[in-house]
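Visitor: here is a sequence together with a model predicted from it:
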Amino acid sequence: MNTIINNIEIIKTKTTKINDVDFGNLKFGHVFSDHMLECHFKDGKWQAPKVVPYQAISLDPSAKIFHYGQSVFEGMKAYKDANDDVWLFRPIDNFKRLNISSKRLAIPELPENYFMDGLKTLLQVDSEWIPKQDGSSLYIRPFVFASGNGFHASPADEYTFIIATAPSGSYFSGKVKVLIEEKYSRSANGGVGFAKAGGNYAGQFYPTQLAIDKGYQQVIWTDDNTHEYIEEAGAMNIFVRINDTLITGPTSDRILDGITRKSIIELAEAEGISVEVRKLTVQEVVSAAKDGSLKEMFGAGTAAVISPIAGFGYKDTDYDLPELDDTSYANSLKKRITDIQTNKAEDPFGWRYKV
Ligand code: PLP
Ligand code: COI
């Protein structure tokens with residue numbers, strides 16, 4: 001029999017997959033929980049969402065997602081504490097950003113209660129899937145795509161919103177070396193770089209594969225105009241520590257306004273760290289690497305949390321960064337933010353959200 005929680009109808013799976021999952025050995029985004037939230041836009045409005053068994057989606061070959069890439073997504077995490085309470089981190093910001101992305105892609109915006117009530121209900125139904133192991137969490141992937149049909153290059157008349165979840169371990173394994181990009185761009189002025197649009201990532205795969213072939217894990221994107229300014233990584237915002245100052249670039253229509261980024265800025269300032277949000281040239285980073293004032297570089301994002309960068313390549317030269325101890329900005333800020341996210345520390349900012 002179907003049940004209803006928070007006004008959301010729930011159709012439960014008859015067979016759980018949870019016993020096949022090795023929770024002590026989780027990769028990132030590789031196994032999926034038993035249920036998903038599904039919601040359709042048709043006849044000019046979003047229909048009530050439902051929690052249904054995780055399952056394949058059937059689409060017409062003319063669905064506009066396939067041809068015109070009308071799709072946006074979000075990345076969030078749910079954490080379970082020692083008392084089995086479940087927490088999200090600044091979820092309203094993800095909801096707002098999903099709608100900001102949707103607006104740019106001419107996708108109809110979602111009502112807040114469908115997103116939040118749907119998410120909470122899904123997490124309640126699949127609460128057994130939220131890992132408790134240190135460093136693991138339930139990665140949450142809300143996404144919206146054009147499921148309406150037709151070859152005409154115009155917005156679809158139907159859309160699908162899904163939230164799927166995956167118990168996950170860390171995003172990167174091992175040291176992260178990055179290549180500072182001099183030729184390709186991920187975004188341009190007036191473009192969609194600030195949106196979490198699916199196509200932004202597709203456009204990065206080829207240059208990133210070239211970097212991987214050279215022994216790097218990730219590309220650091222520079223501005224599309226001059227390639228002189230450090231902007232962000234494929235799935236992370238970038239921070240650089242020169243002497244004792246933490247520097248990150250300003251957001252723009254080319255850069256995603258990361259929730260981890262803005263939280264780190266606030267956390268670092270609260271810890272008395274000098275933070276500068278300003279444009280940062282590649283030359284400044286290279287000079288600092290040469291004279292030893294470049295102490296740290298790290299990426300920040302929901303999936304990657306804070307990922308220290310071990311070294312970078314630029315114009316056929318490799319630069320190594322110092323090994324980090326617990327007093328490094330990367331490691332101490334990572335501990336601060338994960339302690340808040342997992343309810344191990346007080347949350348003076350009011351970021352944590354109880355499910
Ligand atoms: N930049 C890009 C391009 C991303 O895909 C992400 C990940 O969501 C981030 C930055 C970090 O954003 P957030 O901290 O909100 O996850
Ligand atoms: C996230 O950090 O949640 C992201 O969306 C990055 C993703 C591309 C793996």
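Guide: Ah, there it is. Ligands and ions are numbered 1, 2, ... in the order given.
Visitor: what residues does this structure put near ligand 2?
Guide: Taking Cβ under 6 Å from any ligand atom as the test, the list of the chain residues beside ligand 2 reads 75, 201, 235, 301-303. Backbone N, C-alpha and C define where each C-beta goes, glycine included.
Visitor: buried ones from those residues, can you make that a PyMOL selection?
Guide: Buried members of those, identified by 16 or more other Cβ atoms under 10 Å, are gathered into one PyMOL selection as follows:
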select buried, resi 75+235+301+302+303
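Visitor: which of the residues of the chain next to ligand 2 sit farthest apart?
Guide: The most widely separated members of those, counting by Cβ to Cβ, are Y201 and T302 (14.3 Å).
Visitor: quick revisit: pLDDT added to the residues of the chain next to ligand 2, as JSON lines?
Guide: Putting those into JSON lines (pLDDT from 0 to 100) gives the following:
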{"residue": "G75", "pLDDT": "98"}
{"residue": "Y201", "pLDDT": "96"}
{"residue": "A235", "pLDDT": "91"}
{"residue": "G301", "pLDDT": "96"}
{"residue": "T302", "pLDDT": "97"}
{"residue": "A303", "pLDDT": "94"}
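Visitor: list the ones among the residues of the chain next to ligand 2 that fall in strands.
Guide: Helix and strand membership here follows DSSP state E; of the residues of the chain next to ligand 2, those in strands are G301.
Visitor: so which of the residues of the chain next to ligand 2 comes closest to K50?
Guide: Comparing the residues of the chain next to ligand 2 against K50 with Cβ to Cβ places G75 closest, at 22.5 Å.
Visitor: so which bits of the chain are right by ligand 1?
Guide: Taking Cβ under 6 Å from any ligand atom as the criterion, the contact residues of the chain with ligand 1 come out as 75, 232, 235-237, 256, 258-261, 301-302.
Visitor: how about V86, nearest residue that isn't a chain neighbour?
Guide: Among residues not flanking V86 along the chain, V355 sits closest, at 4.1 Å (Cβ to Cβ, 6 or more residues apart in numbering).
Visitor: which residue is nearest the middle of this protein?
Guide: When the chain is reduced to its mean C-alpha position, the closest residue under Cα atoms, centre = their mean turns out to be G75, at 4.0 Å.
Visitor: which residues touch it?
Guide: G75 makes contact with 94, 139-141, 196, 301-303, according to Cβ atoms under 8 Å, 6 or more residues apart in numbering.
Visitor: was I right about E232 contacting S252?
Guide: No: in this structure, E232 sits apart from S252 without contact. The criterion is Cβ atoms under 8 Å, and the distance is 10.2 Å.
Visitor: compare the two (neighbour count), which wins?
Guide: Neighbours per residue, other Cβ atoms under 10 Å: of E232 and S252, the larger number sits with E232, 26 against 14.
Visitor: the more buried one sits in which helix or strand?
Guide: In this structure, E232 sits in strand 230-233 according to DSSP states H and E.
Visitor: longest helix in the protein, please.
Guide: The helix spanning the most residues in the chain, taking DSSP state H as the definition, is helix 198-213.
Visitor: give me the next element, helix or strand, following that helix.
Guide: Sequence-wise, the next helix or strand beyond helix 198-213 is strand 218-222, with elements assigned using DSSP H and E.
Visitor: now the helices for this structure?
Guide: Going by DSSP H, the chain shows helices at 64-68, 91-104, 112-125, 198-213, 259-270, 282-291, 329-341.
Visitor: for E112, see how far away the closest residue to R141 other than its chain neighbours is.
Guide: Residue nearest to R141 in three dimensions, not counting chain neighbours: A164, with 5.1 Å by Cβ to Cβ, 6+ apart. From A164 across to E112, the span is 20 Å (Cβ to Cβ, to the nearest Å).
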